[in-house]
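Chemist: Here is the input, now give the coordinates:
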Amino acid sequence: MKKNRMPVRKWSSGRGALLIIGVTFSLSALTRLGGGVGQAIAKEVAELSADVSTTHDPLQCETSESITKILAVLRVRETDMNERQRHLEEKEVSLSLAEDQIRKNLIALTLAEEKLAATIATSETAAESDLARLTSVYENMKPKDAATLFEEMNPNFAAGFMGRMRPDAAAQIMAGLAPKTAYSISVILAGRNANILAE
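Modeler: Numbers count the residues shown, from 1 in each chain. All right, here's what the predicted structure looks like:
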């Protein structure tokens, strides 16, 4: 006696459903891409999946024209994304190089500033040393000879040296100056002291 067997569905009849599910998943992924390009691709995939669902023959095994179009669109999208990625990587390299150059420039600028500060300090020290030496020379000259030199100097210049000298040497030189010159130098020195006291 033969047993009643349930009829077994052929696998080929389920291929159409699998194809529609695959296209639906592709449509969902493309919709998530967002933007104008993503929406355009999603619309195209939706149209293609509608064509597949209405015209697909479950007995056919070969790739349909609609799937080929979808794959082509996806390849174009992948190429575009790869190109954007390449541009981003190039920009990142350029920014890194620019940052390195800026860092080097800052280091060079800092070194230049330090060198300039050292040069200024050296020149100020040298100038002060020269003035001290010249003041000492005037102090050790004979008062009459020093007075002759001070007569030729600008009163402001002469007052600067007088202010740096020992009081006894400055007094001897002032005694040898013409009264008008001695008076001018005295007024300048008194004015400087008055300004210091006022501060």
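Chemist: Skip ahead from the longest helix along the chain and say which helix or strand is next.
Modeler: Across the chain, the longest stretch assigned as helix under DSSP state H is helix 65-140. Under the assignment DSSP states H and E, the closest C-terminal helix or strand after helix 65-140 is helix 143-152.
Chemist: For that next one, which outside residues touch it?
Modeler: Applying Cβ atoms under 8 Å, 6 or more residues apart in numbering, the external contacts of helix 143-152 come out as 138, 141, 158, 161-162, 169, 172-178, 181, 185. (C-beta placed from N, C-alpha, C; glycine too.)
Chemist: what's the most distant pair in those residues?
Modeler: Ala169 and Ala178 (18.6 Å; Cβ to Cβ).
Chemist: returning to that earlier point: so how do I select the buried members of the contacts of helix 143-152 in PyMOL?
Modeler: Here is the PyMOL command that selects the buried residues among the contacts of helix 143-152 (16 or more other Cβ atoms under 10 Å):
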select buried, resi 138+141+158+161+162+169+172+173+174+176+177+181+185
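Chemist: Quickly note the distance from Asp100 to Leu106.
Modeler: 11 Å (Cβ to Cβ, to the nearest Å).
Chemist: can you list the domain ranges for the chain.
Modeler: What the record gives for the chain is the domain set 13-86, 141-198, from automatic domain parsing.
Chemist: Going by mean pLDDT, which of those comes out lowest?
Modeler: When those are compared by mean pLDDT, domain 13-86 comes last with a mean of 67.
Chemist: quick one on the thing from earlier: nearest to Ala117 among the contacts of helix 143-152?
Modeler: Phe161 (28.7 Å).
Chemist: quick one: contacts for the closest one?
Modeler: Applying Cβ under 8 Å, 6+ apart, the residues contacting Phe161 are 134-135, 138, 150, 153.
Chemist: Pick out whichever of those residues sits closest to Ile20.
Modeler: Closest to Ile20, out of all of the contacts of Phe161 and judged by Cβ to Cβ, is Leu134, at 104.2 Å.
Chemist: All good on my end, thank you.
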